[in-house]
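Undergrad: pasting the sequence and the predicted coordinates here, then a few questions.
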Amino acid sequence: MLIKELIFAALLLTSAASALAVVPAPASPETEEARDNAAYDEEAADEAQAHEDDISEEELLASVHFQRGKIVLGDNLATLDLPEQFVFLNGADAETILSKGWGNPPSEPPLGMILPAGISPLADESWAVTVEYEENGYVEDGDASDIDYSEMLSDMQKDILEGNEQRIKEGYDKIQLIGWASKPHYDATAKKLYWAKELKFGDADYNTLNYNIRVLGRKGVLVLNFIANMDQLPTIEKNLPNVLAMTEFNDGSRYADFNPDLDQVAAYGLGALVAGNVAAKLGVFAAILLFLKKFGVLLVAAAGGLFKMFGGKKKQP
């Protein structure tokens with residue numbers, strides 16, 4: 001009797017376990033609708049992204065706002081007083097042109113970008129100047145008159161040549177510094193430094209322009225980099241005086257406002273700004289020149305390793 005009762009009890013437990021087993025319930029109309037909506041939303045997002053990638057020139061230009069006149073940068077850091085032949089894009093709009101218009105990977109926006117008025121940023125003859133700020137301290141300029149730029153050029157050419165082996169190992173093209181496209185010049189009164197290098201990447205059949213302006217301030221420098229092709233050098237040099245004249249730090253941030261009791265002195269001087277070894281002075285690895293691109297053409301925007309890296313394929317013949 002006891003054995004039968006035990007068997008019966010076991011059967012009851014088995015039945016109970018089967019009864020408690022979870023059986024998938026038929027999907028309610030609401031659940032199916034939610035699933036359909038999620039699939040629709042994902043498809044719509046993909047279509048929106050595809051549309052964004054295929055945005056027309058008219059749509060792209062309509063999505064950015066070209067500003068004129070006086071432009072205040074940062075938190076009252078500096079002012080651009082634009083002549084009528086120039087326009088300005090704020091950081092977000094500049095990033096739109098850099099990434100969606102010129103094909104650079106999305107990145108942290110600059111403070112803004114200066115462009116020639118009346119020329120589409122997507123036109124072959126267009127060019128631009130990105131504007132950024134590096135707050136690395138007050139750059140002393142006492143060595144300005146002592147810098148031998150011919151010797152500096154030789155040293156840079158040697159350094160780049162020696163670094164090519166490592167660059168090739170890391171999958172980058174070798175670099176050749178052809179020479180000065182415009183020899184460095186420092187305006188001690190305006191505290192503005194500018195220069196241009198001509199470089200060659202790999203076996204490219206064109207050379208790359210690296211044109212830079214640095215405006216010295218109380219706690220750092222404004223970094224203006226031209227994005228232009230090498231064959232646009234005459235156009236850039238023609239517009240250089242205007243770009244130099246329009247850019248000034250505001251009161252409180254000017255070079256003359258430096259307070260040795262409060263402000264930090266940079267770990268480098270003018271020579272390091274030109275040579276592009278600022279990163280080395282700050283203890284940052286800098287083995288590769290960095291670059292922007294315009295219509296697929298590589299354009300050096302900064303040398304030294306403190307800036308964003310933008311890649312891209314070379315311009316086809």
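TA: Nice, thanks for sending it over. Numbers count the residues shown, from 1 in each chain.

Undergrad: would you mind measuring the gap between the ends of stretch 240-256?
TA: Distance between the two ends of stretch 240-256: 24 Å, counting by C-alpha to C-alpha, to the nearest Å.

Undergrad: what lies in contact with it?
TA: 72, 76-83, 85-86, 114, 129, 131, 138, 187, 190-192, 194, 213, 215-219, 222, 224, 257 (C-beta atoms under 8 Å, 6 or more residues apart in numbering). C-beta here means a position set from N, CA and C on the backbone, and glycine is covered the same way.

Undergrad: list the buried ones in it?
TA: Under the neighbour-count criterion of 16 or more other C-beta atoms under 10 Å, stretch 240-256 has Leu240, Val243, Leu244, Met246, Thr247, Glu248, Phe249, Asn250, Ser253, Arg254, Tyr255 buried.

Undergrad: buried subset of the contacts of stretch 240-256, written for PyMOL?
TA: Buried subset of the contacts of stretch 240-256, written as a PyMOL selection, criterion 16+ other C-beta under 10 Å:
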select buried, resi 77+78+80+82+86+114+129+131+138+191+192+194+213+215+216+217+218+219+222+224
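
Undergrad: list the ones among the contacts of stretch 240-256 that fall in strands.
TA: Within the contacts of stretch 240-256, residues falling in strands by DSSP state E are 72, 78-81, 86, 114, 129, 131, 187, 192, 194, 213, 215-216, 222, 224.

Undergrad: thought Leu111 was touching Glu95?
TA: No: Leu111 is beyond contact range of Glu95, at 11.1 Å (criterion: C-beta atoms under 8 Å).

Undergrad: overlap in contacts, these two.
TA: Residues touching both Leu111 and Glu95 (C-beta under 8 Å, 6+ apart): there are none.

Undergrad: turn the buried residues of stretch 240-256 into a markdown table, columns for pLDDT.
TA: Shown next, in a markdown table, are those (pLDDT from 0 to 100):
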| residue | pLDDT |
| --- | --- |
| Leu240 | 96 |
| Val243 | 96 |
| Leu244 | 96 |
| Met246 | 96 |
| Thr247 | 96 |
| Glu248 | 96 |
| Phe249 | 98 |
| Asn250 | 97 |
| Ser253 | 97 |
| Arg254 | 97 |
| Tyr255 | 98 |
